[in-house]
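K.L.:
Requesting a structural model of the entry that follows:
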Amino acid sequence: MKIGVKGLILIFLAVILVSALSVAGTVAYLSSEAENSGSVVTVGRVEVRINEQARVDCTENEHTLVQYENSPIYPTYYSGSSIEWAPADEWVVPNDSAWKVVADNSGVIDKFVTVTNTGTNAAYVRTLIAVEVGENAVADPYIHVVVNDKNSTSEIGEWKWLDGFYNVNGSTCAVAVVTYLNPVQPGETTVPSLKQVYLDKAVTNEMCESFGDSFDIYVKAQAVQSDNMGNLTAEEALEAAFPSIDPEKVFNN
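P.N.:
You can find the predicted model right below:
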């Protein structure tokens, strides 16, 4: 049975405007013109874009990243208990652990999820990633995700899987929150949080049927200004802007 992978980038790929003081709206900056000097204070903006990419035209030590297109996924063959890592000179960015990937395997699908700061101000960013787990609500041994966290790169915090499972656009999902520890500067793109996805070699037809015709991975980005946030860490600043994470509201609104 073929399982199509769809919807890694959810509908909210457009600009995300957030405030340090409220959940939505323009950033809390003032714009004014002094009558005696004509000086102007410009308005700051926080805007981010989610990118989802895959490799094409792969040659030795060279890869081209393009927008991901939906494709079939099948249980993956590999010897042993897991797929080995690719040699460091074959990573997307050679010898850069943030772009570390598993050994070449046609059953593994690239899902490089990054965030670009398209605004005019530095911002703290986090991504919420919802992975469908099927009717039985068991993520393992169905799906494996290759990710970055604080153990693999100094730029991303720990992958925090929220307790329980959530209804996201009609799919039963496990949801992770991934925070970038450092401010993302205007024009800068983060290293990937999610990198690759594959089905375990033990997956059967019956397991596939619990997903229906496809399984979904949804991604939502949240951002808040990093300037004028006092001594707050990235996680604390984002919690100030988004004091409650309810995946069913975040993804379904």
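
K.L.:
can we go C-alpha only for contacts and neighbour counts from here?
P.N.:
OK.

K.L.:
what about G170, how many neighbours?
P.N.:
Residues within reach of G170, counting by other C-alpha atoms under 10 Å, total 10.

K.L.:
What of V168?
P.N.:
A count of nearby residues for V168, using other C-alpha under 10 Å, gives 22.

K.L.:
Is V56 located within a strand, as I assumed?
P.N.:
Yes. Counting by DSSP: H, G, I helix; E, B strand; the rest coil, V56 is part of a strand.

K.L.:
how near is the spatially closest residue to it that is not a sequence neighbour to V92?
P.N.:
Of all residues not flanking V56 in the chain, T64 sits nearest, at 5.3 Å (C-alpha to C-alpha, 6 or more residues apart in numbering). Distance of T64 to V92, computed by C-alpha to C-alpha, to the nearest Å: 9 Å.

K.L.:
If you count surrounding residues, which of the two has more?
P.N.:
More neighbours surround V92 than the other of T64 and V92, with 21 against 12 (other C-alpha under 10 Å).

K.L.:
isn't the more buried one right next to A103, touching?
P.N.:
No. Contact criterion C-alpha atoms under 8 Å: V92 and A103 do not qualify, at 11.6 Å.

K.L.:
Backbone dihedrals for M207, please?
P.N.:
Dihedral pair for M207: phi -60, psi -40, per degrees, to the nearest 10.

K.L.:
Surely it and Y142 touch.
P.N.:
Yes. M207 lies in contact with Y142 (C-alpha under 8 Å); the separation is 7.5 Å.

K.L.:
more neighbours, these two?
P.N.:
Set M207 next to Y142 and count neighbours by other C-alpha under 10 Å: Y142 wins out with 19 against 15.

K.L.:
and the gap between that one and V203?
P.N.:
6 Å.

K.L.:
Determine the set of other helices and strands touching whichever helix or strand L128 is part of.
P.N.:
Take DSSP states H and E as the rule and L128 turns out to sit in strand 123-132. Counting contacts by 3 or more C-alpha pairs under 8 Å, 6 or more residues apart in numbering; DSSP states H and E, strand 123-132 is packed against strand 171-179, strand 214-225, helix 234-241.

K.L.:
ok, residues contacting that strand?
P.N.:
Residues outside strand 123-132 that contact it (C-alpha atoms under 8 Å, 6 or more residues apart in numbering): 46, 115, 117, 139, 168, 171-185, 193, 211, 215-227, 234, 237-238.

K.L.:
For the helix or strand just after that strand, could you pull out the residues that count as buried?
P.N.:
Counting by DSSP H and E, the next helix or strand C-terminal to strand 123-132 is strand 143-147. Neighbour counts using 16 or more other C-alpha atoms under 10 Å place I143, V146, V147 of strand 143-147 among the buried residues.

K.L.:
Likewise for stretch 204-214?
P.N.:
Per 16+ other C-alpha under 10 Å, stretch 204-214 contains these buried residues: C208, F211, S214.

K.L.:
Just name the lowest-scoring one in those residues, pLDDT-wise.
P.N.:
For the buried residues of stretch 204-214, the weakest pLDDT value sits at F211, with 71.

K.L.:
give me every residue that touches it.
P.N.:
Each residue near F211 by C-alpha under 8 Å, 6+ apart is listed here: E132, V133, G134, E135.

K.L.:
Next, count neighbours for the third one.
P.N.:
Burial of G134 is recorded as 22 neighbouring residues (other C-alpha under 10 Å).

K.L.:
How about the second one?
P.N.:
Here the number of neighbours of V133 (other C-alpha under 10 Å) works out to 24.

K.L.:
what do you get for the last one?
P.N.:
The burial metric for E135, expressed as a neighbour count using other C-alpha under 10 Å, is 14.
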